[in-house]
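> Sequence and computational prediction follow.
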Amino acid sequence: MTEDIRVRYAPSPTGHLHIGNARTAIFNWLFARHYNGTFVIRIEDTDSARNIADGEKSQLENLAWLGLDWDESPDKPGVYGPYRQSERNEQGIYQEFIDALLASGQAYKSYKTSEQLASEREAQQAAKQAPHYVYEYEGLTNEERESKYAEFEAQGLKPVVRFRVPEEQVYAWDDIVKGHIEIGAKEVGGDWVIQKADGMPTYNFAVVVDDHLMKISHVLRGDDHVSNTPKQIMIYEALGWDVPAFGHMALIINGETGKKLSKRDENLLQFVEQYKELGYQPQAMVNFIGLLGWSPKGEDEIFSLSEFKEMFDEKRLSKANAKFDQKKLEWVNNQWMRRDTDAVMPQLTQELVNADLLSADDAKTKKKWLEEVIRVAGVDGISYTRQIVELVRKPFFELSDITDEMVEYLTSEDGRQVADAWESAYKALPTNATAVDYMNTIRAIQNDLEIKGRNLWNPIRIMTTHEVQGPNLPEMLTLLDKDNVLKTMADVKMKYLA
RNA sequence: GGCGCUAUGGUCAAGUGGUUAAGACGUCGGCUUCUCAGGCCGAAAUCGAGGGUUCGACUCCCUCUAGCGCUACCA
C-alpha cells in the first residue's frame, strides 16, 4: 500500500446504526488501522427531510460501543473539516465546484418540473426505452441557453444543476474486491442532478467533492454503490482530480427474503442497538460481522477487533452476498460471554433487576449469592444476557406449578420412600452444607433404598424446587434458603403425600 | 427492460489443474450412569446447468440459468 492511506465511513443520520452500516464502518476501520492509515467519519446529511434528531449521535455512540475509534469526525475535527455535509454546504464548498462546472459548460441549469420529468419517463417506458434524461438545450449556443434560464427564472421556476454526461465515455476501474469493472456512460441514465433545487448537492456529487478535499485514498463501501461509481468518476475527471481506489463489498442479505437488508424487514433485528439491549457483547458483534463477507486464513472463528486488525487483508473480502445468520451470531456471543464471564457478570445481574426479580438494593447486598445463582444456572447455555432471566427465575425466585407428571413421580412407591428419606436427611444437614454434602446424602439414599436414576432424583427435585429438570441439584441446594426449602417440602408433602 | 455483480452442503465459508473438497453455525445420532445446559464423538456436498480445453477440472474458456444490486431533485 502506498503512503497516506485515508479512508472514511460516511453515514447519513437517518436512524440508528444499522448492521450493514456497522459492517462498512468496521471494514473501513480495519483497513485504516491495518495499514496505519487515517479513519475519518463524515456525516452525509444533505437530505434534510430524512435526517432524524440524534441520528448522528446515536451512530457515533454505537460505533464507539463496538470498539471503533476515529481520527477525524464532527466531534473531533481534523484539518479537512467541517465533517457534516450540511455545514460544508453552508460554507459554499460545493457551490464553488458547481459554479466551475457551470462555467466550463460541463453542467447546466435545468428547470424541468417533476411533472415534465415523470411524463418523459412514462413516454420512454411506453416506447420500451430505458429511462433517460433528455437534454433540453440541444443545439443552442451558450447565449441562447442563458436567455432560456432568464425566461424560466421569470416564470418563478427553481433550477437544479445537471451534469452534462459525456455519453461516449466508458468508465473503468480496478475494484479492490471485484476486480476490473467497466460501465458505459450511457448507462447512468443521462444528465444527472448534482445540485438540488434547494441548493443542496446530491449525494453522488458531494461524495466526490468531499472525498477529494478530505484526501480519501480508498473508498470501501457496499456493492449497492457500484452503479454510482461511474457518475462519481466523471466528476473526478471533470474537475481534473485523481480518482481514489474503490472497493465494493458484497452485501449482507436477509436470510428469509434473500434481499439486501432493509430497515423495513421486521423479521430480523438489524440495528446494533437492538442487540446491545438484548445483551449481546460488542466484541461478539464485531466478531460475527467481521466474518460476514471476509474470512481469515486459519480455522479459528473467535477474534477480537485487534486480532482482526492484525490479520486484515482486503484480498480475502468475499464477492458474494452473505446471509445474516442469527444462530451463528448467538453462538459467537455465547463464546464471548463464556470467555470472560466475570466481565459480563454485572450485566447479567442487572438483567435480573430489570426483570424485577429483585430490587437493585437486594442485588447489591446479595451480590455474591446472585453471582453463584447465575453461575450454577449456567451462562454456558445462553445466547445473550437477557436470557439469564428465564434460566434463573425458577426456582430461585418463583416456583413452578406441580404437574401431573411430577405427581406421578412423587406418589409412586419409590417416590414416597425417597421423599421420606430425603426429608429427614435434609433436615439433619447443617445450613451450611456443601454441594458435596448434598451429593453424599443423595448417594446414601440411593444405596439404602436401592433406587436410582430419575426415580431417585426427581422426587427430590420436585420437593425442593418444583422442577424435574434444571441445573446440578446439589449445587442449587447450597443456594436455596433452608427455611424456604423446608416449607416447600412440607407443602408438597401435605398436598400430595398426606 | 437495460447495465453491473455473484454462484462450493440449510447458513458463513477454505480452496487458485491432481485433495478423502478444510473449518464453523445449524440439523440429526451416540456418549457423558437425575434432567436441562455444557462437553466429547460421529453423520450428511453428484462444487448452479450444459458444453468445451486438458492425461486430469470446483479450479481455465464459452453458453445458459438463477439470485442480487442499480436504474430519484435518497444516501
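Received, thanks.
> Near RNA strand B, which residues of the stretch 51-200 of chain A are found?
With the criterion set to C-beta under 7 Å from any atom of the strand, the stretch 51-200 of chain A comes near RNA strand B through A:112-114, A:117, A:121, A:128, A:130-131, A:158, A:160, A:178-179, A:181-184, A:187, A:189, A:192-193, A:196-198, A:200. Where you see a C-beta, it was placed from the backbone N, CA and C, and this is true even at glycine.
> which residues sit in contact with the residue of the stretch 301-450 of chain A found nearest RNA strand B?
With distances taken as C-beta to the nearest atom of the strand, the stretch 301-450 of chain A approaches RNA strand B most closely at A:Gly381, which sits 2.0 Å away. Contacts here follow C-beta atoms under 8 Å, 6 or more residues apart in numbering; on that basis A:Gly381 touches A:Leu391.
> residue contacts, A:Ala296?
Quick fix: residue A:296 is Pro, not Ala. The neighbourhood of A:Pro296, defined by C-beta under 8 Å, 6+ apart, consists of A:303, A:311, A:316.
> which of the residues in the worst-scoring helix or strand of chain A on mean pLDDT are buried?
Considering only helices and strands, the least confidently modelled element of chain A by mean pLDDT, DSSP states H and E is helix A:114-126, at a mean of 89. Within helix A:114-126, the residues that qualify as buried are A:120-121, counting by 16 or more other C-beta atoms under 10 Å.
> Name the helix or strand for the nearest residue to A:Val485 once chain neighbours are set aside, please.
The spatial neighbour of A:Val485 that comes closest, neighbours along the chain excluded (C-beta to C-beta, 6 or more residues apart in numbering), is A:Thr464 at 5.2 Å. Counting by DSSP states H and E, the element that carries A:Thr464 is helix A:454-465.
> Over to A:Val208?
Following DSSP H and E, one finds A:Val208 within helix A:203-213.
> State the mean pLDDT of that helix.
When pLDDT is averaged along helix A:203-213, the result is 98.
> For chain A, identify the residue most remote from the centre.
Outermost residue of chain A with respect to the C-alpha centroid, by C-alpha atoms, centre = their mean, is A:Asp448; its distance is 57.5 Å.
> Got phi/psi on it?
Geometry field for A:Asp448 lists phi and psi as phi -60, psi -50, criterion degrees, to the nearest 10.
> Please enumerate the helices of the stretch 301-450 of chain A.
Chain-ordered helices for the stretch 301-450 of chain A, with DSSP state H, counting those that start in this stretch as the definition, fall at A:305-311, A:326-339, A:341-354, A:360-365, A:367-377, A:388-396, A:404-411, A:413-428, A:435-449.
> The first one close to RNA strand B?
No: Helix A:305-311 lies apart from RNA strand B when judged by C-beta under 7 Å from any atom of the strand; the minimum separation is 12.6 Å.
> Which elements pack onto that helix?
Identification of packing neighbours for helix A:305-311 by 3 or more C-beta pairs under 8 Å, 6 or more residues apart in numbering; DSSP states H and E yields helix A:19-34, helix A:282-290.
> same deal with the second one?
In terms of contacts (3+ C-beta pairs under 8 Å, 6+ apart), helix A:326-339 is packed against helix A:282-290.
> The helix it packs on near RNA strand B anywhere?
No: in this structure, helix A:282-290 remains apart from RNA strand B according to C-beta under 7 Å from any atom of the strand; the gap is never smaller than 8.7 Å.
> Spell out which residues of the stretch 201-350 of chain A are next to RNA strand B.
Residues of the stretch 201-350 of chain A lying near RNA strand B by C-beta under 7 Å from any atom of the strand: A:202-204, A:223-228, A:250-251, A:253, A:255, A:257-260, A:291-295, A:297, A:299, A:301, A:316, A:318-323, A:325, A:327-328, A:330-331.
> contacting residues around the residue in the stretch 1-150 of chain A that RNA strand B sits nearest to?
Closest to RNA strand B within the stretch 1-150 of chain A is A:Glu44: 2.9 Å, counting by C-beta to the nearest atom of the strand. Going by C-beta under 8 Å, 6+ apart, A:Glu44 touches A:10-12, A:85, A:203, A:206-207.
> got the phi/psi numbers for it?
phi -100, psi 90.
> Secondary structure class of the nearest residue to it once chain neighbours are set aside, three-state.
With C-beta to C-beta, 6+ apart as the criterion, A:Glu44 has its nearest non-adjacent residue at 4.4 Å, and that residue is A:Ser12. With DSSP: H, G, I helix; E, B strand; the rest coil as the basis, the three-state label of A:Ser12 is coil.
> pLDDT at A:Ser12, what is it?
According to the per-residue confidence, A:Ser12 scores 92 in pLDDT.
> so what's it up against?
Applying C-beta under 8 Å, 6+ apart, we find A:Ser12 in contact with A:43-47, A:50-51, A:55.
> Same check on A:Ile442?
By C-beta under 8 Å, 6+ apart, the contact list for A:Ile442 reads A:422, A:456-457, A:460, A:473-474.
> got a markdown table for the residues you listed, with pLDDT too?
Written out in a markdown table, the entries for those read as follows (pLDDT from 0 to 100):
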| residue | pLDDT |
| --- | --- |
| A:Trp422 | 96 |
| A:Leu456 | 96 |
| A:Trp457 | 96 |
| A:Ile460 | 97 |
| A:Leu473 | 96 |
| A:Pro474 | 96 |
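> Just the closest of these to RNA strand B, please.
Using C-beta to the nearest atom of the strand, the shortest approach to RNA strand B within the contacts of A:Ile442 belongs to A:Trp457, at 3.5 Å.
> Now do the contacts for the residue lying closest to the closest one once chain neighbours are set aside.
Once flanking residues are discounted, A:Trp457 sits nearest to A:Leu473: 6.8 Å by C-beta to C-beta, 6+ apart. For A:Leu473, the set of contacting residues under the criterion of C-beta under 8 Å, 6+ apart consists of A:438, A:442, A:457, A:460-461, A:464-465.
> Where neighbours are concerned, which of those has the most?
Highest neighbour count within the contacts of A:Leu473, by other C-beta atoms under 10 Å: A:Ile460, with 26 neighbours.
> isn't that one right up against A:Gly415?
No: applying C-beta atoms under 8 Å as the test, A:Ile460 and A:Gly415 come out as separate, 9.8 Å apart.
> follow-up on the earlier one: can you list contacts of the least confident helix or strand of chain A?
Outside helix A:114-126, the residues that touch it by C-beta under 8 Å, 6+ apart are A:112, A:130-134.
> at 10 Å what do you get?
Counting by C-beta atoms under 10 Å, 6 or more residues apart in numbering, helix A:114-126 makes contact with A:110, A:112-113, A:129-134, A:136, A:189, A:197, all of which sit outside it.
> Check stretch A:252-266 too.
The set of residues that contact stretch A:252-266 without belonging to it, under C-beta under 10 Å, 6+ apart, is A:14-16, A:18-24, A:222-224, A:251, A:267-268, A:270-271, A:289, A:292-293, A:320-327.
> Quick one, which of these are buried?
Neighbour counting over the contacts of stretch A:252-266 (16+ other C-beta under 10 Å) leaves A:14-16, A:18-24, A:222-223, A:251, A:270-271, A:289, A:292-293, A:321-322, A:324 as the buried ones.
> Find the nearest non-adjacent residue to A:Lys394, please.
The nearest residue in space to A:Lys394 (C-beta to C-beta, 6+ apart) is A:Ser400, at 5.2 Å.
> which ones are touching the one you found?
A:393-394, A:406, A:462, A:465-468, A:470.
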